[in-house]
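**Q** structure, please.
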Amino acid sequence: MPKGYIIARVSVSDPDAYAKYAALARVAMDRFGARILARGGRHTALEGEARPRNVILEFASYDRALEYWNSPEYQEARSHRIGAAEIELCAVEGTG
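**A** Below you'll find the model as predicted:
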């Protein structure tokens, strides 16, 4: 079964609120078995506009990634992020 990934590109405007989001999101990540492949770190825009924070989460499956995003735990975390960051977020199915 192919793995699932959540990819986020983020510009944080309120670090305190974002820190609360990140702490609560980590609880949801643990519950749904997310593995952090990238979080912050160096980046280079190769094409298009870059964002200063980039995150890649790996899940056992695409469905599991969506379960994480739709979970009450993640939605509670998300409520602290709204207004604290601009974000582009997508779920992607791996190739197997």
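
**Q** all strands of the protein, in order?
**A** 4-12, 35-39, 53-59, 85-93 (DSSP state E).

**Q** could the ones you listed be laid out in CSV, adding mean pLDDT, mean neighbour count and distance to A45?
**A** (Each C-beta comes from the backbone N, C-alpha and C, glycine too.) Formatted as CSV, these follow (pLDDT from 0 to 100; neighbours: other Cβ atoms under 10 Å; distance: least, Cβ to Cβ, whole Å):
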stretch, mean pLDDT, mean neighbour count, distance to A45
strand 4-12, 97, 18, 10
strand 35-39, 96, 12, 15
strand 53-59, 97, 18, 10
strand 85-93, 96, 14, 13
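
**Q** ok, now which ones touch the closest residue to R51 other than its chain neighbours?
**A** Once flanking residues are discounted, R51 sits nearest to R9: 4.1 Å by Cβ to Cβ, 6 or more residues apart in numbering. Applying Cβ atoms under 8 Å, 6 or more residues apart in numbering to R9 gives the contacts A50, R51, R53, N54, I87, E88, L89.

**Q** if you set the cut-off to 7 Å instead, what comes out?
**A** R9 makes contact with R51, N54, I87, E88, according to Cβ atoms under 7 Å, 6 or more residues apart in numbering.

**Q** which of these lies closest to A25?
**A** The closest of the contacts of R9 to A25 turns out to be I87 (Cβ to Cβ; 11.6 Å).

**Q** okay, and the beta partners of the nearest residue to that closest one once chain neighbours are set aside?
**A** Closest residue to I87 in three dimensions, ignoring its sequence neighbours and counting by Cβ to Cβ, 6+ apart: V10, at 4.9 Å. Counting by DSSP bridges, V10 is bridged to R53, I87.

**Q** didn't R39 look like it was pressed against V55?
**A** Yes - shown here, R39 and V55 form a contact pair, counting by Cβ atoms under 7 Å, at 5.1 Å.

**Q** quick revisit: any chance of the strands of the chain in TSV, with distance to N70 too?
**A** Shown next, in TSV, are those (distance: least, Cβ to Cβ, whole Å):
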stretch	distance to N70
strand 4-12	12
strand 35-39	19
strand 53-59	13
strand 85-93	10
